[in-house]
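# here are the coordinates; sequence isn't available:
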């Protein structure tokens, strides 16, 4: 697979693997042996960027807790120096489901040690602040990260779910390699950050590049149930969402048909053609899907084709998930008040 450079010198495969779904957000965690086999198959396909997080926990069907970082570390141990592992800090979930965004210095240091242990490694290639902490200044966060870099525990850092102000403040203290935000054909609001990323020479890792699977066209009229499967409350997987998104998906199907590729591949090829510093990280539990996604890196769309696609889709209204409800967010200082 071709390579791309994030920031000044962080070289990774043009398409990375989002590993969250192996243990988190899509029902019961995948069988360990099967998940390891899928991740290692991705290495053989040319994937070099593997994305996980401290937060990506779940449960196996027998009730045991599943740690995504442990799974990723186990699968990639034989290839450690061939691949780049990205993980994240800064989110904890309380017993009642509240999300606490906590990036205090002591929390970061505790998190990095935990991640290193679970990943079975002595360094992290790319370490993201998962969400912005509303209390701890990002300049303070960046200072801790700079210290961890000096100690050799992390090599690069980034910001996930970030905005321009947060990025500029962090970058001024410790240069940011890339951001990781939601971006797809159906979720294009982050394009406003492109000029800032180019000014600062910061890369863009795109999570949910297939809009949580809907752009693969593999889930026509399908709905999901259960609190463990996040798709159960995503707008695009409600009956009304399927109806609303059908005109958009018809365009994607037609584009794919014209190129003799799949809807997922045309969606990823569109993204790769938008900017040379964008790296999508689609996830899947199926090896055949990992192969399909990897092959999208071989598809080239011209600027005219991309502009034509943009014109065709930009006026369409879609039903799309944009993030967890604010009602679940809680300040870390409220735990002691």
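Cool, the structure landed. These figures come from a predicted structure and were not determined experimentally. Residues are numbered from 1 along each chain as shown.

# do me a favour and get the end-to-end distance for stretch 201-212?
28 Å (Cα to Cα, to the nearest Å).

# chain center to that stretch, what's the gap?
Taking the mean of its C-alpha atoms, stretch 201-212 sits 6 Å from the chain's own mean (Cα atoms, centre = their mean, to the nearest Å).

# with stretch 2-19 instead?
Worked out by Cα atoms, centre = their mean, stretch 2-19 lies 13 Å from the chain centre.

# gap between the two ends of it?
In stretch 2-19, first residue to last residue: 20 Å (Cα to Cα).

# tell me the buried residues in it?
4-7, 10, 12-19 (16 or more other Cβ atoms under 10 Å). Quick note: C-beta positions are derived from backbone N, CA and C, even for glycine.

# turn the residues you listed into JSON lines, including distance to residue 231 and secondary structure.
Listed next are those as JSON lines, based on distance: Cβ to Cβ, whole Å; DSSP: H, G, I helix; E, B strand; the rest coil:
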{"residue": "4", "distance to residue 231": "29", "secondary structure": "strand"}
{"residue": "5", "distance to residue 231": "33", "secondary structure": "strand"}
{"residue": "6", "distance to residue 231": "29", "secondary structure": "strand"}
{"residue": "7", "distance to residue 231": "32", "secondary structure": "coil"}
{"residue": "10", "distance to residue 231": "31", "secondary structure": "strand"}
{"residue": "12", "distance to residue 231": "27", "secondary structure": "strand"}
{"residue": "13", "distance to residue 231": "26", "secondary structure": "strand"}
{"residue": "14", "distance to residue 231": "27", "secondary structure": "coil"}
{"residue": "15", "distance to residue 231": "22", "secondary structure": "coil"}
{"residue": "16", "distance to residue 231": "21", "secondary structure": "coil"}
{"residue": "17", "distance to residue 231": "19", "secondary structure": "strand"}
{"residue": "18", "distance to residue 231": "15", "secondary structure": "strand"}
{"residue": "19", "distance to residue 231": "17", "secondary structure": "coil"}
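
# identify, from the residues you listed, the entry nearest to residue 272.
Taking Cβ to Cβ as the measure, residue 272 sits nearest to residue 14 out of those, at 6.1 Å.

# can you read off the pLDDT for the closest one?
For residue 14, the model assigns a pLDDT of 98.

# backbone torsions only: list them for the closest residue to residue 188 other than its chain neighbours.
Nearest non-adjacent residue to residue 188, counting by Cβ to Cβ, 6 or more residues apart in numbering: residue 314, 7.7 Å away. Phi and psi for residue 314, reported as degrees, to the nearest 10, are phi -70, psi -20.

# tell me how many other residues crowd residue 314.
8 (other Cβ atoms under 10 Å).

# try residue 259
14.

# secondary structure element for the closest residue to it other than its chain neighbours?
Nearest non-adjacent residue to residue 259, counting by Cβ to Cβ, 6+ apart: residue 266, 6.1 Å away. Using DSSP states H and E, residue 266 maps to helix 263-274.

# then residue 87?
In this assignment (DSSP H and E), residue 87 forms part of strand 84-89.

# neighbouring contacts of that strand?
10, 12, 16, 48-55, 69, 72-73, 76, 103, 107-108, 111-112, 115, 119, 121, 124-130, 158, 160, 180, 205 (Cβ atoms under 8 Å, 6 or more residues apart in numbering).

# kindly recompute the last result at 7 Å.
Strand 84-89 has contacts (Cβ atoms under 7 Å, 6 or more residues apart in numbering) with 12, 48-55, 69, 72, 76, 108, 111-112, 115, 119, 121, 124-130, 160.

# now that strand, how far from the centre of its chain.
Put simply, strand 84-89 sits 10 Å off its chain's centre (Cα atoms, centre = their mean).

# what strands line up against that strand, and which way round?
Here strand 84-89 is paired, per DSSP bridges, with strand 49-51 (parallel), strand 124-129 (parallel).

# packing partners for the helix or strand harbouring residue 172?
Here residue 172, judged by DSSP H and E, is contained in helix 164-173. Judged by 3 or more Cβ pairs under 7 Å, 6 or more residues apart in numbering; DSSP states H and E, helix 164-173 is in contact with helix 138-150, strand 154-160, helix 194-200.

# partners of the helix or strand following that helix in the sheet?
The helix or strand immediately downstream of helix 164-173 is strand 178-182, counting by DSSP H and E. Looking at strand 178-182 with DSSP bridges, its partner strands are strand 154-160 (parallel), strand 203-207 (parallel).

# adding mean pLDDT, mean neighbour count and distance to residue 310, write those strands out as TSV.
Formatted as TSV, the strands paired with strand 178-182 follow (pLDDT from 0 to 100; neighbours: other Cβ atoms under 10 Å; distance: least, Cβ to Cβ, whole Å):
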stretch	mean pLDDT	mean neighbour count	distance to residue 310
strand 154-160	98	23	25
strand 203-207	98	24	16
